[in-house]
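Participant: Let's see this in three dimensions:
(2 chains)
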Protein chains: 2
Amino acid sequence: MSRIKSVKGFRDFYPHECAVRNHVFGTWRQAARRCGFVEYEVPMVESTDLYRRKSGDEITRQLFCFEDKRGRELSLRPEITPSLARMAAARQRDFRKPLKWFEIGNCFRYEEPQRGRTREFYQFNADILGETDVAADAELIALAIATMVDLGFPDDAWTVRLSDRRLWDGFLRAQGVDAGHTAAFLQVIDKLERVPAEVSEPQLQALGTSLEAVREFMGRGESLLDASDDSAADLARLRQLLDARGLWKHVTLDAGIVRGLAYYTGVVFEVFDLVHGMRAVAGGGRYDGLCALVSDGAVDLPAAGFAMGDVVITDLIQATPAANARLTAHLATALALDAWVVIADEARRGAALALVETLRNAGLATDYSLVAAKVGRQFQSAEHAQARAAVVVGGEYPSITVKDLGRRSQQETTPENLVATVRAVLASTDGFHVAGG
Amino acid sequence: MSRIKSVKGFRDFYPHECAVRNHVFGTWRQAARRCGFVEYEVPMVESTDLYRRKSGDEITRQLFCFEDKRGRELSLRPEITPSLARMAAARQRDFRKPLKWFEIGNCFRYEEPQRGRTREFYQFNADILGETDVAADAELIALAIATMVDLGFPDDAWTVRLSDRRLWDGFLRAQGVDAGHTAAFLQVIDKLERVPAEVSEPQLQALGTSLEAVREFMGRGESLLDASDDSAADLARLRQLLDARGLWKHVTLDAGIVRGLAYYTGVVFEVFDLVHGMRAVAGGGRYDGLCALVSDGAVDLPAAGFAMGDVVITDLIQATPAANARLTAHLATALALDAWVVIADEARRGAALALVETLRNAGLATDYSLVAAKVGRQFQSAEHAQARAAVVVGGEYPSITVKDLGRRSQQETTPENLVATVRAVLASTDGFHVAGG
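Facilitator: Below is the predicted model:
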């Protein structure tokens, strides 16, 4: 037998990596709750059919599929939105509209692992269902912005690139392009930034337009909002709603953003890194037809949402000093202890264990050496565990020494006053660990 | 096309169910952190080989297996311990011993869904690696007890049933049973409570002993600890260590507990419900050989741990008034809002949106009606969302009315003083929601 390894593209989270992950999760969760979203979760496994309904999609080719013992085709979830549409359609009558729901969980895509892409990754999903008005899109963009601000990214390090797939309808009509070619046209636009002009130009010509015309249209910037069609009117109101909140400064109108997923129907946007490799760190938009699709027409619920993955954003946090400082502050509390009980006399182990129990019952993160060890080694363990106070139990018991391991000061106390003494030491530095951990 | 349904045995977590889940997760996490454990996570997918190494196990027959595009056999994780052993063996030199690690995540077993069993379920796993001393087992039992106390279960509703597989070594020697039959014998003991005597008796006789002798041995209770073998000495010291912390009252010595998993080598225990159907709600023990097994002998790390699933414990919480009261208190904050901004005059929507942004930036969970609605309906929305304060923005703006929706009192304020006014309203009731949500 050989040594067993982890599967390529799947991740082990050792305590440090897990604390980094939890910082991102906690920031996502708090931003969503503050903006009035409530948390839900969908199953890790769904019928493959749920994803096939969006056939032609790149995601369908990346499914981890398997059959259960009765031959039913199942898949690990590659994204959350189809499950959300299924759940919302199944019980939409039970909820007051609009639904403002968020989710944090892992997804699976069978693609070649590379920088920023793993086969298992976490996503933050936020969606609003049951509201057609562009105010819902504004609310989602506001949440995406709140997330970036909360994570500690400076304003000039990122922007929200905003567009509407319908903006192109007028362009295509003016160019005389057949409406049946819209989907193919949007695929070309989606890849325009990443594909050489020699490839895009003939594709656009085959559809009845040209790269020059496309570039001219995209170059119009915010003047696109002066047009008289629905999408221009929606985007103009979106600007107004975000401007009222002081958030338009984070937004860049960019008609070239159309997003890859097939189910988007209107406003689309992505959060885009401007400093480290110019990558999209989040993306979403309106998908008004999806609930009807998964419910076979039974439930027609307008919807919009976005997702942010953990891999790219975590890379960016660690590469951005202001964001990394917040992460570091989180790690300093998440992996630390309030107190370490040092047993200086093994005859007092029983008394020391009772004190460990007392400290823990008072809500203080407390640890101790499970077996007899030299006092110096116990203090090493305390420092290694980032304990802020040491509680020394020795021959003088019931007199106990409490040491502030940061300030190197100490005081005597009794079992009855121990919790209050340790709390005073912690308060004199920077608060408790458990509450924030 | 038909309407798509969820897969049998997999669970949808709507916001209420998700908040219940998060209460259990939060209680697990806080208990573990208080006891000095740090969080880790393992991949959702592993090589099927990792689970096959414990062949003969019931779990191996319940795997959700599939092949990747290169024909490698993969499985959804049915439990966490084998992955933990793999991770610990791979990087054990990087960590100071003992490792005290915990994990909260989902597992998958292909069994027939029934009460208390689903195909996807969450588990809390806590383990100590790198310590052979029974003090590690005591520490794990103390954490299991802390979890039950924190969840709000009264002392008389549950007990920790404690044993050691090695206790039976002396019995089997005295009965003249061949040592090669130990595993088969423990299988019979594991099922003794659930299988009729007519089935167990001939099995025990075939192994060279009898049901009567087994029952007599089990009936000795704590006098088993007076024996001179290693397991009796370990259990006696375990009793001493837990007694020093005032925790032995939660423990019942029961030689009949041997746990089903093949990899246990010493102390085993389970948390056992005494009120609602007498079910095991958590179980674990010592598994000193597993790291060597998954690392092909490269790393020999002693280990012990336990797991608690979410399904049975959540049933019990809801059936136990004291535990359900804690759950209810959590739900009251987790699903509620601090403030709802009522837009009494649509001309003031822009100003109201700016105030929404101000409140959220101050950390207050705040929502509002995305589209124009009658004031009465907006107040209904506020109550439905369990908002504690209503911020009314109307024709009198910049004068703003803040209503305490619990006490039905109200006061006037200005945009500059809004955050302080809302905070005062919240403080006069019972604190902020976001911090606890």
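
Participant: So which residues make contact with stretch A:130-137?
Facilitator: Residues outside stretch A:130-137 that contact it (CB atoms under 8 Å, 6 or more residues apart in numbering or on different chains) are A:92, A:95, A:97-99, A:128, A:234-235, A:237-238, A:241, A:266-267, A:269, A:285-286, A:288, A:301-304, B:370-371. Using the backbone N, CA and C atoms, a C-beta is placed for each residue, glycine as well.

Participant: List only buried entries from those.
Facilitator: Burial by neighbour count, 16 or more other CB atoms under 10 Å in any protein chain shown: within the contacts of stretch A:130-137 this picks out A:92, A:95, A:98-99, A:128, A:234-235, A:237-238, A:241, A:266-267, A:269, A:285-286, A:288, A:301-304, B:370.

Participant: Those residues in helices, which ones?
Facilitator: Those of the buried ones among the contacts of stretch A:130-137 mapping onto helices are A:234, A:235, A:237, A:238, A:241, per DSSP state H.

Participant: burial of the residue in the stretch 101-250 of chain A that chain B sits nearest to, as a residue count?
Facilitator: Residue nearest to chain B within the stretch 101-250 of chain A: residue A:244 (3.7 Å; CB to the nearest CB). Residues lying near residue A:244 (other CB atoms under 10 Å in any protein chain shown) number 18.

Participant: And residue A:381, how close does it get to chain B?
Facilitator: In this view, residue A:381 and chain B are 7 Å apart by CB to the nearest CB, to the nearest Å.

Participant: Cross the buried ones among the contacts of stretch A:130-137 against strands and list the overlap.
Facilitator: Using DSSP state E to define strands, the subset of the buried ones among the contacts of stretch A:130-137 located there is A:99, A:128, A:267, A:269, A:285, A:286, A:303, A:304.

Participant: Check the gap between residue A:231 and residue A:241 for me.
Facilitator: Residue A:231 sits 15 Å away from residue A:241, going by CB to CB, to the nearest Å.

Participant: circling back to that earlier point, could the ones in helices among the buried ones among the contacts of stretch A:130-137 go into CSV alongside pLDDT and distance to chain B?
Facilitator: Putting those into CSV (pLDDT from 0 to 100; distance: CB to the nearest CB, whole Å) gives the following:
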residue, pLDDT, distance to chain B
A:234, 93, 13
A:235, 95, 17
A:237, 96, 11
A:238, 96, 12
A:241, 97, 6
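
Participant: Just send those back as JSON lines, with distance to residue B:314 too.
Facilitator: Output for those, formatted as JSON lines (distance: CB to CB, whole Å):
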{"residue": "A:234", "distance to residue B:314": "43"}
{"residue": "A:235", "distance to residue B:314": "46"}
{"residue": "A:237", "distance to residue B:314": "44"}
{"residue": "A:238", "distance to residue B:314": "42"}
{"residue": "A:241", "distance to residue B:314": "41"}
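
Participant: ok, of these, which one's closest to residue A:185?
Facilitator: Set against residue A:185, the nearest of these by CB to CB is residue A:235 (19.2 Å).

Participant: Quick one: classify residue A:212 as helix, strand or coil.
Facilitator: Of the three states, residue A:212 takes helix according to DSSP: H, G, I helix; E, B strand; the rest coil.

Participant: er, residue A:416 I mean
Facilitator: helix.

Participant: if I pick the residue nearest to the spatial centre of chain A, what's in contact with it?
Facilitator: In chain A, the C-alpha nearest the mean C-alpha coordinate belongs to residue A:124, at 3.6 Å (CA atoms, centre = their mean). Residue A:124 makes contact with A:25, A:28, A:32, A:102, A:103, A:104, A:147, A:282, A:307, A:308, A:309, A:310 under the criterion CB under 8 Å, 6+ apart.

Participant: taking those one by one, which sit in strands?
Facilitator: Judged by DSSP E, the subset of the contacts of residue A:124 located in strands is A:102, A:103, A:104, A:282, A:307, A:308, A:309.

Participant: ok, so of those residues, who is nearest residue A:81?
Facilitator: residue A:307 (7.6 Å).

Participant: surely that closest one meets residue A:125?
Facilitator: Yes - counting by CB atoms under 8 Å, residue A:307 does reach residue A:125; the two are 4.8 Å apart.

Participant: so what sits against both of the two?
Facilitator: Any residue near both residue A:307 and residue A:125 by CB under 8 Å, 6+ apart counts here, and that gives A:80, A:81.

Participant: what packs against the helix ranked longest in chain A?
Facilitator: For chain A, the longest helix by residue count, based on DSSP H, is helix A:15-34. If contacts are counted by 3 or more CB pairs under 8 Å, 6 or more residues apart in numbering or on different chains; DSSP states H and E, helix A:15-34 sits against strand A:38-39, strand A:99-108, strand A:120-129, helix A:134-151, helix A:310-319, helix A:321-334, strand B:38-39.

Participant: And the furthest pair within the ones in strands among the buried ones among the contacts of stretch A:130-137?
Facilitator: A:99 and A:269 (19.9 Å).

Participant: So for stretch A:394-403, what gets flagged as buried?
Facilitator: Across stretch A:394-403, burial judged by 16+ other CB under 10 Å covers A:394, A:397, A:400, A:401, A:402, A:403.

Participant: any chance of the residues you listed in CSV, plus pLDDT, secondary structure and distance to residue A:335?
Facilitator: CSV is the format used below for the buried residues of stretch A:394-403 (pLDDT from 0 to 100; DSSP: H, G, I helix; E, B strand; the rest coil; distance: CB to CB, whole Å):
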residue, pLDDT, secondary structure, distance to residue A:335
A:394, 97, coil, 28
A:397, 96, coil, 30
A:400, 98, strand, 26
A:401, 98, strand, 25
A:402, 98, strand, 22
A:403, 97, strand, 20
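
Participant: what's the closest of these to chain B?
Facilitator: The shortest approach to chain B among those belongs to residue A:397, at 13.0 Å (CB to the nearest CB).

Participant: any idea how far residue A:420 is from the residue nearest to the closest one when sequence neighbours are not counted?
Facilitator: Excluding the flanking residues, the one nearest residue A:397 by CB to CB, 6 or more residues apart in numbering or on different chains is residue A:348, at 5.0 Å. Between residue A:348 and residue A:420 the distance is 21 Å, computed by CB to CB.
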